[in-house]
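J.: no FASTA, just this:
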């Protein structure tokens, strides 16, 4: 009897082991979209001593990843806003729901740049035959859409693809998109600033309600100030048809610029995180006057640089606005160094209460690149400022690298907190 029990137990263990192995194989093969094609990771391009061959290998690796990702989207979520990579289902929820073809439109310039001609052709055919902003946006009256997402993803995707290819259908589509935005009230009629969110079918406007009884607030990054996509579009629009869309867009951009120049003078270069778009003036959050270089604000500074470069570096006032804005943030203490490890981090400040945050948002890591570009542009006109901006860029990038390197995945967390000792020293968690 004991022998039979041992044999039964051994058989059971063997069956369980085989079941686990089968489950693992099934999960890897059937659930993981990549099907192990490129799972060799960093070891994929090893053994190259020649720098050019190494670069070519890495480019090929990234290109193959893009081909594979496109194939998954093409098979399981074609024309949908996005694809869920594990379940291989279209993403049709929340703020994604009305944004038909978002992944495809946003990826067109990448497909062109990588020379993926077949994928580009398929994408262009879908945009030509299927992308209809009337049906995409107006048929969904349950979901609000971020005006900034429309600018960055839809308009930016179409404009960059048109700039590379010159395909007329792309010009037609982003002209239609601008008309749709005008129809649903995406631009405030007084200030010309972008509202925060729109509910297209009803033409309703929503803004981030960060103050009680005040529903016309948008973030500094979201108001459309010196937005390169809008500036480029204004240059492309032909008003020969008499609809006046180009003139209206230029008027809005000029109005926003005038308001922001005045605000910069009023607060010595310091721009607060939230704006009342109906008045074109800054408004505090509930806790006071908040200054930040996180996502809700840093695109404002980046747009200053981008539009300065995009305009052929002719408008020196934009570069000066950028310099003053960054240095105003520096002087009020948004850049702070910890004694324990010497790392610099970026924090948010409530100036009315003299209170600073102890966490740094991962979006602040974009400042490394923004400040480095700013330093390059300032080099010819203000070497002292150029040096400061580069020092800040290097220090912030080091903090972000150390933070990412301290995680198991080597990826940045959404936010990381500065931990202090009683002596004011600290570490990152």
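T.: Yep, that arrived. Predicted model only: the values in this text are computed from it and were never measured.
J.: so where do the helices sit in the stretch 151-300 of the chain?
T.: Chain-ordered helices for the stretch 151-300 of the chain, with DSSP state H, counting those that start in this stretch as the definition, fall at 156-165, 168-183, 228-236, 245-266, 295-310.
J.: Mind putting these into a markdown table with distance to residue 47, mean pLDDT and mean neighbour count?
T.: All C-beta atoms are positioned from the backbone trio N, CA, C, and that covers glycine. Compiled in a markdown table, these are given as follows (distance: least, CB to CB, whole Å; pLDDT from 0 to 100; neighbours: other CB atoms under 10 Å):
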| stretch | distance to residue 47 | mean pLDDT | mean neighbour count |
| --- | --- | --- | --- |
| helix 156-165 | 34 | 94 | 21 |
| helix 168-183 | 42 | 86 | 18 |
| helix 228-236 | 41 | 87 | 18 |
| helix 245-266 | 52 | 87 | 17 |
| helix 295-310 | 39 | 92 | 21 |
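J.: Include distance to residue 116 when you put those into JSON lines, please.
T.: As requested, the helices of the stretch 151-300 of the chain are arranged in JSON lines below (distance: least, CB to CB, whole Å):
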{"stretch": "helix 156-165", "distance to residue 116": "13"}
{"stretch": "helix 168-183", "distance to residue 116": "17"}
{"stretch": "helix 228-236", "distance to residue 116": "23"}
{"stretch": "helix 245-266", "distance to residue 116": "32"}
{"stretch": "helix 295-310", "distance to residue 116": "26"}
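J.: and the nearest residue to residue 216 once chain neighbours are set aside, what is it in contact with?
T.: Taking CB to CB, 6 or more residues apart in numbering as the measure, residue 216 lies nearest to residue 278, with 4.5 Å between them; neighbours along the chain are not counted. Contacts for residue 278 were tallied using CB atoms under 8 Å, 6 or more residues apart in numbering; they are 188, 190-191, 216.
J.: Now which of these would you call buried?
T.: When these are checked for burial by 16 or more other CB atoms under 10 Å, the buried set is 188, 191, 216.
J.: Next up, phi/psi of residue 360, please.
T.: Note on residue 360: its backbone torsions stand at phi -120, psi 130 [degrees, to the nearest 10].
J.: Quick check: bridge partners of the residue nearest to it when sequence neighbours are not counted?
T.: In space, residue 360 comes closest to residue 345 once its chain neighbours are excluded; the distance is 4.6 Å by CB to CB, 6+ apart. Listed beta-bridge partners, residue 345: residue 336 (assigned using DSSP bridges).
J.: Any idea how many residues pack against residue 345?
T.: Per other CB atoms under 10 Å, the neighbour tally for residue 345 reads 24.
J.: for the stretch 51-200 of the chain, what are the low-confidence residue spans?
T.: Scanning the stretch 51-200 of the chain for pLDDT under 70 picks out 92-98, 134-143, 199-200.
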